[in-house]
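> Kindly return the folded structure for what I paste below:
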Amino acid sequence: MPEDNKLYAVEEVEDLLAEFNSPRNRLTVFKPFVRYFGDLNTAIILSEIFTWSYHFRDRKLPGIGYGWFYRQYEPSCKHQELDGTSGVEVADDEMNATIYREAEGKTWLERVGLREDVVRKIVKILVKDGYVETVVKKANGAPTCHYKFVRGKLLDLMDTLKKQERKPENYRERFPKKSGKETFKNPDSLTEETTEINQNTTTEQIRLLLSGTPLSKISEKEVRVLIKRHGSETVVKAADVAAEKWRRERKEIKNPGGYLQTFCVDLVVPDWYEPPHVRTANAEAATERKCAEDDKQEELKKAQAQESKERDDYWHTLSEEDQKKFIEDEKNSSPIGKFIPEIGVVALAKSKAWGCRSQMATNTGLTFEPSR
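Reported below is the predicted structural model:
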């Protein structure tokens, strides 16, 4: 083969490898899910649902609440029938466009490469075991399955994994061998491919913690070096503490890699530090309080608008003579009645007339009859 052709072939292979290694061709799979279920497909699907439920934890969809996202199966698949509470339209202007495209703009087949029958079977098991909630609602005019990770099950899962670590022989088989699904009992039997996926997941997790801070300038290669040197658990904790410290102090960081290295070597957790799950819970509680307050204010505005309309309607039922009497009474009795514009006096007179009406309605012993 001529040298030019060899060089061209090498460049083609390098381009292909770069394309395969691009972020859009990677899957986020959480190692604890692989270990717990003993099945990579289940771990992939639950990792997807967990990830996007977390991303949309502050988004409230009408009728179902926070933390839900929707996804179709395959481009050619038929949608499920509407359930009894369907009819919710999803407003796509409430979310970041990039996140929307990744979470809800792609099908399961496009996101993780799994067919509809595989996704349905695994989701059915996850729903039955209480790890996932699903509901069919309208999305972009069509009935679509919505998913949500059940946060409380995460603690149960991690507790079970800790018990399994003490007795590795008790590792759980989620699927019987006759189903054709891969199972394992020994944690050391994970393939090199799964290990690589887990390393990528940890790296992406750390970079997500550092996003929005000067520490985000740390390269993926530097993160991998730190993980190899200190272990993933230490680096994840150090990255979160360092990022939160910067968000509080906003001090300049000239050497992000060295700064994070210092935290990994001598990590001191401040008293004010709250781990991600606590911050998430606090943020959700704050969002719920704000929504409740907004709803309360909205109801108050509606009540005030309704009362104002009823007050005006009642004013127009009075005779012109009665209206003039209320206006004259207001001018003479109010300290400011003689100094404010006529329109202001009329508004005060309307309020007084409405007050007299309300008083008559609640106290039958006191009546008010405007002059005729």
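
> for the helix or strand harbouring Lys163, packing partners?
Element membership for Lys163 (DSSP states H and E) is helix 152-166. Here helix 152-166 touches helix 31-37, going by 3 or more Cβ pairs under 8 Å, 6 or more residues apart in numbering; DSSP states H and E. All C-beta atoms are positioned from the backbone trio N, CA, C, and that covers glycine.

> distance between the helix it packs on and the chain's centre?
Mean C-alpha position of helix 31-37 versus that of the full chain (Cα atoms, centre = their mean, to the nearest Å) differs by 23 Å.

> was I right about Ala243 contacting Leu209?
Yes. Assessed by Cβ atoms under 8 Å, Ala243 is found in contact with Leu209 at 5.5 Å.

> any low-confidence regions in this protein?
Along the chain, the parts satisfying pLDDT under 70 run over 1-11, 13-24, 75-99, 164-201, 334-339, 363-372.

> tell me the domain ranges of it?
10-187, 191-271, 274-311, 318-372 (automatic domain parsing).

> now these as TSV including mean neighbour count?
Converted to TSV, the domains of the chain look like this (neighbours: other Cβ atoms under 10 Å):
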stretch	mean neighbour count
domain 10-187	16
domain 191-271	16
domain 274-311	11
domain 318-372	13
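
> and stretch 223-239, how far apart are its ends?
The first and last residues of stretch 223-239 sit 10 Å apart, counting by Cα to Cα, to the nearest Å.

> pretty sure Pro276 is in contact with Asp240, am I right?
Yes. Counting by Cβ under 8 Å, Pro276 does reach Asp240; the two are 6.4 Å apart.

> Centre of the chain to whatever helix or strand Glu48 lives in, how far?
Taking DSSP H and E as the criterion, Glu48 maps to helix 40-55. Helix 40-55 has its average C-alpha position 14 Å from the chain's average C-alpha position, going by Cα atoms, centre = their mean.

> partners of the following helix or strand past it in the sheet?
Next along the chain after helix 40-55, taking DSSP H and E as the criterion, comes strand 60-61. Using DSSP bridges, the strands paired with strand 60-61 are strand 65-66 (antiparallel).

> Pull the residues that contact the partner strand.
By Cβ atoms under 8 Å, 6 or more residues apart in numbering, the residues outside strand 65-66 that reach it are Phe56, Arg57, Asp58, Arg59, Lys60, Glu284, Thr287, Glu288.

> Which strands and helices lie in contact with the helix holding Glu48?
Contact partners of helix 40-55 among helices and strands, from 3+ Cβ pairs under 8 Å, 6+ apart: helix 31-37, strand 69-70, helix 97-103, helix 108-112, helix 116-128, strand 142-149.

> Select, out of those, the one closest to Phe263.
Distance to Phe263, taken as Cβ to Cβ, is lowest for helix 31-37 among the helices and strands packed on helix 40-55, at 22.7 Å.

> on that earlier part again, what do Pro276 and Asp240 both touch?
The contact lists of Pro276 and Asp240 share Leu209, where a contact means Cβ under 8 Å, 6+ apart.

> What segments of the stretch 151-300 of the chain are helices?
Secondary structure of the stretch 151-300 of the chain by DSSP state H, counting those that start in this stretch: the helices cover 152-166, 192-210, 220-230, 232-249, 256-265, 276-317.

> What distance do you get for the residue lying closest to Lys245 once chain neighbours are set aside to Leu161?
With sequence-adjacent residues excluded and distances taken as Cβ to Cβ, 6 or more residues apart in numbering, Lys245 is closest to Pro270, at 7.0 Å. Relative to Leu161, Pro270 is positioned 28 Å away (Cβ to Cβ, to the nearest Å).

> Please apply the same query to Phe50.
Applying Cβ to Cβ, the value for Phe50 to Leu161 is 15 Å.

> what do you get for Glu110?
31 Å.

> do the same with Met360
Remark: distance between Met360 and Leu161 (Cβ to Cβ) = 71 Å.

> Likewise for Thr280?
In terms of Cβ to Cβ, Thr280 sits 20 Å off from Leu161.

> same deal with Pro32?
Distance from Pro32 to Leu161, by Cβ to Cβ: 6 Å.

> swap in Ser232?
Distance from Ser232 to Leu161, by Cβ to Cβ: 15 Å.

> returning to what we had before: how far is the helix holding Lys163 from where the chain is centred?
Offset of helix 152-166 from its chain centre (Cα atoms, centre = their mean): 24 Å.

> Ok, stretch 109-120 next?
23 Å.

> Which residues does that stretch contact?
Under the contact criterion Cβ under 8 Å, 6+ apart, stretch 109-120 has outside partners Leu27, Asn41, Ile44, Ile45, Glu48, Arg71, Tyr73, Glu74, Pro75, Cys77, Glu102, Trp108.

> With distance to Ser216 added, can I get the residues you listed in TSV?
Shown next, in TSV, are the contacts of stretch 109-120 (distance: Cβ to Cβ, whole Å):
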residue	distance to Ser216
Leu27	22
Asn41	32
Ile44	26
Ile45	29
Glu48	24
Arg71	28
Tyr73	35
Glu74	35
Pro75	35
Cys77	38
Glu102	19
Trp108	30
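
> show me the contacts for Ile49.
Applying Cβ under 8 Å, 6+ apart, the residues near Ile49 are Leu126, Val132, Tyr147, Lys148, Phe149.

> cool, Ala286 as well?
Ala286 neighbours (Cβ under 8 Å, 6+ apart): none.
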